[in-house]
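In: I would like the atomic coordinates for the input below:
(chains A, B, C and D)
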Number of protein chains: 2
Amino acid sequence: MSGVFKALSDPTRREILALLRDKDMTAGEIAEHFDISKPAISKHLEILKEAELVSAEKKGLYRIYSINLTVLQEALSGFMNYFEKENDL
Amino acid sequence: MSGVFKALSDPTRREILALLRDKDMTAGEIAEHFDISKPAISKHLEILKEAELVSAEKKGLYRIYSINLTVLQEALSGFMNYFEKENDL
DNA sequence: TAACTAATTAGTTAAATAGTTAAATATAGA
DNA sequence: TCTATATTTAACTATTTAACTAATTAGTTA
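Out: Sure, this is the predicted structure:
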């Protein structure tokens, strides 16, 4: 949970998730969308992976990244539910 | 939006929000729930205020903090909606 | 006004973060 | 096997963050 919010706190990482929403992409394809170095993107991807917001599949020379929509949605909706007015009052 | 996720990325700040979910509190009351200094709490409150997740009302010697549930819910549900499978596909 | 209290601001420090370049790893293909 | 390519890891740097203590601000009350 903490990992999810930490991961989402960076705009580059949120943008990576937005890219992956549309289609799975290799690390290189993702990096092309940004002005920062590939190693920097690689690190962002690792943080997203640790938060389980994305998964990576090795395919030959490439790593194909995909978003874990379920994890994202359940983490955020779980947190939000706690703040619904109806809860435990 | 960026401010909201930044604000939510710190566990102390999320816990402050959880406290304020139950009732409005003064800065001092909030601080009592934590093992860190009052100035540290004050700074966390400022960050939450900048993100508009809480508001403060001056009441005599005290500042009474309250959570802005609407801002929290709309920020998170707005973000989540973007990732709903049904969207723009 | 003086003394007291609640909270914030200022200044410092240590740790974490996000970026860089260079080197290492792993796979593909000639 | 050699070379090229995709990606990650390592080492380093600059910036930001979260904490602390001390000082300040603002309001209350004797």
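
In: any part of the strand or helix carrying A:L19 near DNA strand C?
Out: Element membership of A:L19, judged by DSSP states H and E, is helix A:11-22. Yes. Remark: helix A:11-22 sits within contact range of DNA strand C at A:T12, by Cβ under 7 Å from any atom of the strand. Using the backbone N, CA and C atoms, a C-beta is placed for each residue, glycine as well.

In: buried residues in that helix?
Out: A:R13, A:R14, A:I16, A:L17, A:L19, A:L20, A:R21 (16 or more other Cβ atoms under 10 Å in any protein chain shown).

In: closest to chain B out of the residues you listed?
Out: A:R21 (5.8 Å; Cβ to the nearest Cβ).

In: is there any residue in the helix holding A:L19 that contacts chain B?
Out: Yes. Using Cβ under 8 Å from any Cβ of the partner chain, helix A:11-22 reaches chain B at A:P11, A:R14, A:L17, A:A18, A:R21.

In: turn those residues into a markdown table, columns for distance to DNA strand D and pLDDT.
Out: Converted to a markdown table, the residues of helix A:11-22 next to chain B look like this (distance: Cβ to the nearest atom of the strand, whole Å; pLDDT from 0 to 100):
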| residue | distance to DNA strand D | pLDDT |
| --- | --- | --- |
| A:P11 | 11 | 98 |
| A:R14 | 15 | 98 |
| A:L17 | 16 | 98 |
| A:A18 | 18 | 98 |
| A:R21 | 18 | 97 |
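
In: for the residues you listed, give me TSV that also has distance to B:E57.
Out: Converted to TSV, these look like this (distance: Cβ to Cβ, whole Å):
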residue	distance to B:E57
A:P11	32
A:R14	32
A:L17	36
A:A18	37
A:R21	40
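
In: just confirm A:M1 contacts A:F79, I think it does.
Out: Yes. Using Cβ atoms under 8 Å, A:M1 is in contact with A:F79, at 7.2 Å.
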